[in-house]
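Participant: Please find the sequence and the predicted model below.
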Amino acid sequence: MPAIWDLPDFDSHEAVHVFEDRATGLKAVIAVHSTHLGPAAGGTRFWHYADSQSAITDALRLSRGMSFKNAMAGLPAGGGKAVILANPSRSKPAEMLDAFARAVDSLGGRYVTAQDVGMSEADMVHLSKTTAHVAGLPDQGGDPGPYTARGVYLGVKAAAKHVFGTDDMRDAHVAIQGVGSVGGGLARYLAQQGAKLTLADVDAHRAAALAEELGGVAVAADAIMDVEADIFSPCALGAILTEETVAGLKVRAVAGGANNQLAKGGEGRMLADRGILYAPDYVINAGGIINVLRHIDGADDAEINRRIDAIPGRLSEIWKESDASGSTPAEVADKMAQKLIGR
């Protein structure tokens, strides 16, 4: 395994901490990408990795993403990420969580953790008994999904205005991939505005039920990216924009809540070359983290809503610069974020 700073995803990270507690079986990585704007904030992922290098790579990549997301959301927070290497049985005993909480606490507040894949709200409450450096607790705003959904809805409207000259969503056709907390919330917002909806989810029954409720149409999960629509909104898994899928899109814009939508990065140029507007994922889906990190500077509901309301303006700024410079929206967003974190 190469040295950490020789890995492709190492991006002048301030610190990469590796923890092992033999008594509890804990193996974890905490990557601190930047504390330029405040404590490095980002969730903890509990995942069974093929090897330890994959876990480190994930922490490096995700922590950099959190630096960019928090900066572009206007938050007083840097970027960090933790991964706990799950064993094949994916058991998560309380003693191991205690050991991880001690690891977080040992960083003295330079890293603030939160919920992510494989970690529940109850796990966050458990961690908070040992360390104060936990965000997104039940008394700190609750479920981030509705906040993410509202931000994505405002971003979809902004995309419509940029492409079609109006953010009136009446009769606009939006194809939504994934109708969980975020995608389902987005669908309800759009239905209230009279949009035409095509929905898909790996849980076909959930998609069908929501389509019936909102007067939309449900299609198979593997067919949603083939739908001819005005806007495609990915709100499920990441890395869904590949060379193959981008070539097959029949939409004018991609604007959704999924993380890491571009499979390899170059798909951003492919979208631009096809005349498809792209909303950088970490900008449009920032509503959830805006809510989760409210305790960092004591933001109240009014301030949280103000920050979410700023998402469409930030996207418009990115698109205008992209149009003027010829850089893709993803490239423009990255440059803006890098400047904000002093890179």
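Facilitator: Everything's here; your move. These numbers come from a predicted model, not from an experiment. Numbering: from 1, shown residues only.

Participant: which intervals of the stretch 201-343 of the chain have sub-threshold pLDDT?
Facilitator: Within the stretch 201-343 of the chain, no stretch has pLDDT under 70.

Participant: One more pass at 90, please.
Facilitator: Along the stretch 201-343 of the chain, segments meeting pLDDT under 90 span 237-239, 259-260, 295-297.

Participant: Mind jotting down where the helices sit in it?
Facilitator: 204-214, 243-248, 267-273, 281-284, 287-292, 301-309, 311-325, 329-340 (DSSP state H, counting those that start in this stretch).

Participant: To residue 108, which of those helices lies closest?
Facilitator: Among the helices of the stretch 201-343 of the chain, the nearest to residue 108 by Cβ to Cβ is helix 287-292 (20.6 Å). Yep, even glycine has a C-beta here, placed from its N, CA and C like the rest.

Participant: mind checking which of the helices of the stretch 201-343 of the chain is nearest residue 62?
Facilitator: helix 281-284 (10.7 Å).

Participant: same for that closest one, what does it pack against?
Facilitator: Judged by 3 or more Cβ pairs under 8 Å, 6 or more residues apart in numbering; DSSP states H and E, the packing partners of helix 281-284 are helix 52-72, helix 145-164, helix 311-325.

Participant: one step back: format the helices of the stretch 201-343 of the chain as JSON lines; extra columns: mean neighbour count and distance to residue 59.
Facilitator: Output for the helices of the stretch 201-343 of the chain, formatted as JSON lines (neighbours: other Cβ atoms under 10 Å; distance: least, Cβ to Cβ, whole Å):
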{"stretch": "helix 204-214", "mean neighbour count": "17", "distance to residue 59": "32"}
{"stretch": "helix 243-248", "mean neighbour count": "13", "distance to residue 59": "27"}
{"stretch": "helix 267-273", "mean neighbour count": "19", "distance to residue 59": "23"}
{"stretch": "helix 281-284", "mean neighbour count": "26", "distance to residue 59": "17"}
{"stretch": "helix 287-292", "mean neighbour count": "28", "distance to residue 59": "17"}
{"stretch": "helix 301-309", "mean neighbour count": "15", "distance to residue 59": "26"}
{"stretch": "helix 311-325", "mean neighbour count": "18", "distance to residue 59": "26"}
{"stretch": "helix 329-340", "mean neighbour count": "20", "distance to residue 59": "19"}
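
Participant: residue nearest the centroid of this structure?
Facilitator: residue 259 (4.0 Å; Cα atoms, centre = their mean).

Participant: contacting residues around that one?
Facilitator: Residues near residue 259 by Cβ atoms under 8 Å, 6 or more residues apart in numbering: 65, 238, 281-282, 285.

Participant: With residue 55 instead?
Facilitator: Contacts of residue 55 (Cβ under 8 Å, 6+ apart): 27, 29, 47, 49, 83, 85.

Participant: Would you mind giving the residues you listed as CSV with pLDDT added?
Facilitator: Compiled in CSV, the contacts of residue 55 are given as follows (pLDDT from 0 to 100):
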residue, pLDDT
27, 97
29, 98
47, 90
49, 91
83, 97
85, 97
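
Participant: now, which of those residues lie within strands?
Facilitator: 27, 29, 47, 83, 85 (DSSP state E).

Participant: Which among the helices and strands packed on helix 281-284 is found nearest to residue 17?
Facilitator: helix 52-72 (9.3 Å).

Participant: Let me see the mean pLDDT of that closest one.
Facilitator: Mean per-residue pLDDT for helix 52-72: 94.

Participant: on that earlier part again, of the contacts of residue 259, which is the nearest to residue 307?
Facilitator: residue 285 (13.3 Å).

Participant: surely the closest one meets residue 149?
Facilitator: No. At 9.4 Å, residue 285 does not count as touching residue 149 under the criterion of Cβ atoms under 8 Å.

Participant: between the contacts of residue 55, which has the most around it?
Facilitator: Neighbour tally across these (other Cβ atoms under 10 Å): the maximum, 28 neighbours, falls on residue 83.

Participant: Just list what the helix or strand containing residue 103 packs against, helices and strands only.
Facilitator: Element membership of residue 103, judged by DSSP states H and E, is helix 94-105. In terms of contacts (3+ Cβ pairs under 8 Å, 6+ apart), helix 94-105 is packed against strand 15-21, strand 26-34, strand 78-85, helix 121-128.

Participant: Please repeat the previous calculation with a cut-off of 7 Å.
Facilitator: strand 26-34, helix 121-128 (3 or more Cβ pairs under 7 Å, 6 or more residues apart in numbering; DSSP states H and E).
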